[in-house]
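>>> Requesting a structural model of the entry that follows:
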Amino acid sequence: MTPSAEHSSKIEVTAGIRGWLPAVGVSLATALLVIAPFFWRGNASGHDFGFHAASWLDVAGQWKEGIFFPRWAEGANHGFGEPRFIFYPPLSWMLGAALGFVVPWNAVPGVFIVIVQTAAGVCSFALARRFLPSRAALFGAACYAANPYALLIVYMRSDFAELLACALMPVVVLTALQLCGLVKNRGRSAPRAMAFFAVSFAAVWLSNAPAGVIASYSVALIFAVAAFDQETLRPMGRGAGGLALGFGLTGFYLLPAAYEQRWVNIAQALSSGLRPSDNFLYTMTGDPEHNVFNWIASTVSIVLVVMTGIAAIAAHRGITQEEERPEPKKLWRVLLLLSATATILMIRPSAIFWEHLPKLRFAQFPWRWMAILAVAYAYFLAAAMARGRMRWIWAALALVVAGGTATVLVEKTWWDSDDFPSLQEAIAKDQGFEGTDEYDPLGDDHTNLAEKAARMQILPADDSGASAPKAEIHIERWTAEERIVTVNAREPVWVALRLLDYPAWRVEVNGKAVTPQHAETDGEIILPLRPGTERIAARFVRTPDRTLGSAVSLLSVLTLLALLNAGGLRLLSASP
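Model (predicted):
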């Protein structure tokens, strides 16, 4: 490479970076406006706030113990634990825990939202700038960073994992369009297109599983449209390859989560109030609180649908004048189809699809399809904004929608700054926090577990109410994944270990593996011990499904690098 060529390349890189700086600035400013009420009201304490806050604190505690990738939530069920981190995707709880080392815990939710919504705006900009002028794309970035569904999540739901997944949705749509050929691949490399799609698709699954289900069906629809448009099954084949690689990258999480469902009460994820049939738009149940929230979510959905439809009509008028550019028309049709699909799946007549399409019911709430509808909403608004005459009208309309939605939600939600201090105090006192129904190990009813149980206790010999035999207990080590205790007793005793029985726990007494027992009403580990000094060791071991999942992910990463190398990035090449 000649010096002039190197200089030209540096200029192009610098120009490219400068082109993205306005998008970052607009998105960051919008994200700060989204959390503006946090500065004087505290944190919005939505439905899932406690779950995520407890997860962040638990992970941060395990990092201090030297456990980099937690699998067992030590503090859940008031210290009895649960396999939460096997089933809940890792990106959100790792980001939240990491922020806890940088800013005070009470500031973590706001900082998390700012980071994620800034990324959301940038991702929307990446999609819009391919087809629209830069100013219109910037407007679309602001609209997406403050779209009504994001505001619903921020203020009423506090589902930080889904918020992170939604931020990535525009990039998933863009890379899917490039992979199947509906949009020109600027890298001019099919391997790179597949690699980029797989990474963005995997990132959504590693953020939030319900959003992953929605993304899977959305991109499958995109690939089907491409096959119909091109009158060949080739886009379906490329799409299948991208999906396979994306799922492979998530193997370290997804395979154990799928396999170990048989070890927990996963059916509780679809219990009353969490089923799709209970959450179609404006559905009424016997739970007044559920009805109030579903009415709010339904109204936000209708606002988003109506605005998307109006903006789509205006955007269509603009693209009909561009005969020489077929790509905007194809994108318009794809986004309109995704919007129509999302709208249909939010209403009760779509119940048959929720019952029979694989895993769709695990998205739980039909209004979650706003996650993909919001992508079309922001793009159509940006495309309408690109028309010179009515720019101020679209800007005013978007401001009214975002501002009006935020105003209503700010007044309807709970505000609390005591959540983190309360959780921190409970964890410091070794009392833990509440568990989750669907992650409760089989054979346990976590509602029967004591809230203030000792780590180890000697049980009475019978149910007569007699006092327990005397014994000396010494805790040598007690971490999230290893508990070592010695018990010295003069007579045979039964001991209860504050730990739920789960197949991944290997329990040994004096170095020999034993099968724990537990009570009929809960899954607390109970062990019989002989007289003398007995050493109990319980370790959370790597199960075969986790090993296989890690191997699949490793193989997928190697495949990804090979695709990038074949596509021209030369990551595997030793040459300069």
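>>> pLDDT below threshold where in the stretch 251-400 of the chain?
Across the stretch 251-400 of the chain, the ranges flagged by pLDDT under 70 are 318, 320-325, 388-389.
>>> now swap in the chain and tell me
1-17, 186-188, 318, 320-325, 388-389, 461-466, 567-576.
>>> give me phi/psi at the most centrally placed residue in it?
When Cα atoms, centre = their mean is applied to the chain, the residue found nearest the centroid is Asn208 (2.3 Å). Backbone torsions for Asn208, taken as degrees, to the nearest 10, come to phi -160, psi 120.
>>> Run through the residues that contact it.
89, 92, 159, 161-162, 164-165 (Cβ atoms under 8 Å, 6 or more residues apart in numbering). (Glycine included, C-beta is placed from N, CA and C.)
>>> I'd like the next helix or strand past the helix or strand where Phe197 lies.
Per DSSP states H and E, Phe197 falls inside helix 190-205. Helices and strands here follow DSSP H and E; after helix 190-205, the next one along the chain is helix 209-230.
>>> So which bits of that next one are buried?
Buried residues in helix 209-230, counting neighbours by 16 or more other Cβ atoms under 10 Å, are found at 209-219, 221-223, 225-227.
>>> In JSON lines, list the contacts of Asn208 along with neighbour count and distance to Leu558.
Output for the contacts of Asn208, formatted as JSON lines (neighbours: other Cβ atoms under 10 Å; distance: Cβ to Cβ, whole Å):
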{"residue": "Pro89", "neighbour count": "24", "distance to Leu558": "22"}
{"residue": "Ser92", "neighbour count": "24", "distance to Leu558": "27"}
{"residue": "Asp159", "neighbour count": "24", "distance to Leu558": "34"}
{"residue": "Ala161", "neighbour count": "27", "distance to Leu558": "28"}
{"residue": "Glu162", "neighbour count": "24", "distance to Leu558": "31"}
{"residue": "Leu164", "neighbour count": "28", "distance to Leu558": "26"}
{"residue": "Ala165", "neighbour count": "28", "distance to Leu558": "26"}
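>>> can you give me the helices for the stretch 1-150 of the chain?
Assigned by DSSP state H, counting those that start in this stretch, the stretch 1-150 of the chain shows helices spanning 3-34, 38-41, 49-64, 84-87, 90-99, 108-128, 134-145, 148-152.
>>> show me what contacts the residue nearest to Leu409 when sequence neighbours are not counted?
The shortest distance from Leu409 to any non-neighbouring residue, by Cβ to Cβ, 6 or more residues apart in numbering, is to Tyr155 (4.0 Å). Residues counted as contacts of Tyr155 (Cβ under 8 Å, 6+ apart) are 44, 46, 406, 409-410, 412-413.
>>> any idea how far Val103 is from Gly46?
Relative to Val103, Gly46 is positioned 20 Å away (Cβ to Cβ, to the nearest Å).
>>> Ala211 is in contact with Ser362, correct?
I think there's a mix-up here, since residue 362 is Phe and not Ser. No: using Cβ atoms under 8 Å, Phe362 is not in contact with Ala211, being 11.1 Å away.
>>> So what does the most far-flung residue of the chain relative to its centre have for phi and psi?
What lies farthest from the middle of the chain is Arg490; by Cα atoms, centre = their mean that is 51.7 Å. Torsion angles at Arg490 (phi, psi; degrees, to the nearest 10) stand at phi -90, psi -10.
>>> Now for the closest residue to it other than its chain neighbours, how many residues are close by?
Counting by Cβ to Cβ, 6+ apart, Arg490 lies nearest to Pro531, which is 5.8 Å off, once chain neighbours are set aside. Pro531 has 13 neighbouring residues, counting by other Cβ atoms under 10 Å.
>>> residues in contact with Pro531?
Per Cβ under 8 Å, 6+ apart, neighbours of Pro531: 489-492.
>>> Just the ones of these in strands?
The members of the contacts of Pro531 that map onto strands under DSSP state E are Ala489.
>>> who wins for neighbours among the contacts of Pro531?
Counting by other Cβ under 10 Å, top hit in the contacts of Pro531: Ala489 with 19 neighbours.
>>> Hmm, that one is touching Ile473, no?
No: using Cβ under 8 Å as the test, Ala489 is too far from Ile473 to be in contact (9.3 Å).
>>> what is in contact with those two at once?
Common neighbours of Ala489 and Ile473, using Cβ under 8 Å, 6+ apart, are Ile458.
>>> Strands along the stretch 301-450 of the chain, start to end?
Counting by DSSP state E, counting those that start in this stretch, one finds strands in the stretch 301-450 of the chain at the ranges 415-416.
>>> for it, what spans make up the helices?
Counting by DSSP H, counting those that start in this stretch, the helices of the stretch 301-450 of the chain are 326-345, 351-356, 370-385, 391-412, 419-428.
>>> any idea of the angle the first one forms with helix 209-230?
Same thing as helix 326-345. Helix 326-345 runs at 130 degrees relative to helix 209-230, counting by axes from the mean of the first three to the mean of the last three Cα atoms, to 10 degrees.
>>> what's helix 326-345 packed up against?
helix 160-180, helix 209-230, helix 288-319, helix 370-385 (3 or more Cβ pairs under 8 Å, 6 or more residues apart in numbering; DSSP states H and E).
>>> Next: the third one.
Applying 3+ Cβ pairs under 8 Å, 6+ apart, one finds that helix 370-385 makes contact with helix 108-128, helix 134-145, helix 148-152, helix 160-180, helix 209-230, helix 288-319, helix 326-345, helix 391-412.
>>> Select, out of those helices, the one closest to Ser422.
Taking Cβ to Cβ, helix 108-128 is the member of those nearest to Ser422, at 14.5 Å.
>>> tell me which strands and helices the closest one is in contact with?
Helix 108-128 sits against helix 3-34, strand 43-44, helix 49-64, helix 90-99, helix 134-145, helix 160-180, helix 370-385, with contacts defined as 3+ Cβ pairs under 8 Å, 6+ apart.
>>> Repeat the analysis, applying 7 Å as the threshold.
Using 3 or more Cβ pairs under 7 Å, 6 or more residues apart in numbering; DSSP states H and E, the elements in contact with helix 108-128 are helix 3-34, helix 90-99, helix 134-145, helix 160-180, helix 370-385.
>>> And it, what's buried?
108-128.
>>> what's the answer for stretch 523-532, then?
In stretch 523-532, counting by 16+ other Cβ under 10 Å, buried: 523-527, 529.
>>> Then stretch 352-364?
Buried, per 16+ other Cβ under 10 Å, within stretch 352-364: 353-354, 360-361, 363-364.
>>> repeat for stretch 271-287
In stretch 271-287, counting by 16+ other Cβ under 10 Å, buried: 274, 276, 278-281, 283.
>>> Including distance to Val24 and secondary structure, could these go into CSV?
Shown next, in CSV, are the buried residues of stretch 271-287 (distance: Cβ to Cβ, whole Å; DSSP: H, G, I helix; E, B strand; the rest coil):
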residue, distance to Val24, secondary structure
Leu274, 37, coil
Pro276, 37, helix
Asp278, 40, helix
Asn279, 35, coil
Phe280, 38, coil
Leu281, 35, coil
Thr283, 40, coil
